[in-house]
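>>> Only the shape, not the letters, is given here:
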């Protein structure tokens, strides 16, 4: 897999029926290693190892309903009171982060209502804080530590 713009992490990989699988420590199972999954797993490790968020507060591929359509968030980090703190949208490294990507995560966040957004393709990371009063997001250099 492609080298990403994250610290180096050690992942548990295995092969099954000509597919490479990666162990997801949040879902506690092996999942197919796609380019987007590679980014998702690096982001999870970044949140845990660098930003010190507890595994118990992180959810992966959480289902949500938007305009009667079922969607899945890539990663949601919760506060200890159970409210969403960070919503993360992961894209494959080949996907250019565009306004469409920000529109997508903003639509998801109308339902999730997190305080921070992260959009990443593994190469470029964008961190935003939600300004509820102005109904927009403010770009940050990074998200806060836990």
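Nice, I can see it. Remember, it's a predicted structure, so these values are computed and weren't measured experimentally.

>>> Could you measure from the nearest residue in space to residue 32 that is not next to it in sequence over to residue 34?
Of all residues not flanking residue 32 in the chain, residue 19 sits nearest, at 5.5 Å (C-beta to C-beta, 6 or more residues apart in numbering). The C-beta positions use only the backbone N, C-alpha and C, and glycine is treated the same way. Using C-beta to C-beta, to the nearest Å, we find residue 19 at a distance of 10 Å from residue 34.

>>> Those two: who's more crowded?
Between residue 19 and residue 34, residue 34 has the larger neighbour count (other C-beta atoms under 10 Å), namely 14 against 11.

>>> Nearest residue to the more buried one in space, please, no chain neighbours.
residue 92 (7.3 Å).

>>> Give me the secondary structure label for the one you found.
coil (DSSP: H, G, I helix; E, B strand; the rest coil).

>>> Neighbours of it, how many?
Residue 92: 14 neighbours (other C-beta under 10 Å).

>>> how about it, phi and psi?
phi -60, psi 150 (degrees, to the nearest 10).

>>> residues touching it, list them.
34, 35, 36, 39, 121, 122 (C-beta atoms under 8 Å, 6 or more residues apart in numbering).

>>> at 7 Å instead, please
For residue 92, the contacting residues are 35, 36, 39, 121, by C-beta atoms under 7 Å, 6 or more residues apart in numbering.

>>> Please name every helix or strand in contact with the lengthiest helix in the chain.
Longest helix in the chain, counting residues (DSSP state H): helix 99-112. Applying 3 or more C-beta pairs under 7 Å, 6 or more residues apart in numbering; DSSP states H and E, we find helix 99-112 packed against strand 58-66, strand 69-78, strand 84-90, strand 116-120.

>>> looking at these, which is closest to residue 6?
Residue 6 lies closest, by C-beta to C-beta, to one member of the helices and strands packed on helix 99-112: strand 116-120, at 8.9 Å.

>>> So what are the sheet partners of that closest one and their directions?
strand 84-90 (parallel), strand 125-131 (antiparallel) (DSSP bridges).

>>> Rebuild those strands as JSON lines, extending it with mean neighbour count and distance to residue 76.
As requested, the strands paired with strand 116-120 are exported to JSON lines (neighbours: other C-beta atoms under 10 Å; distance: least, C-beta to C-beta, whole Å):
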{"stretch": "strand 84-90", "mean neighbour count": "23", "distance to residue 76": "5"}
{"stretch": "strand 125-131", "mean neighbour count": "17", "distance to residue 76": "14"}
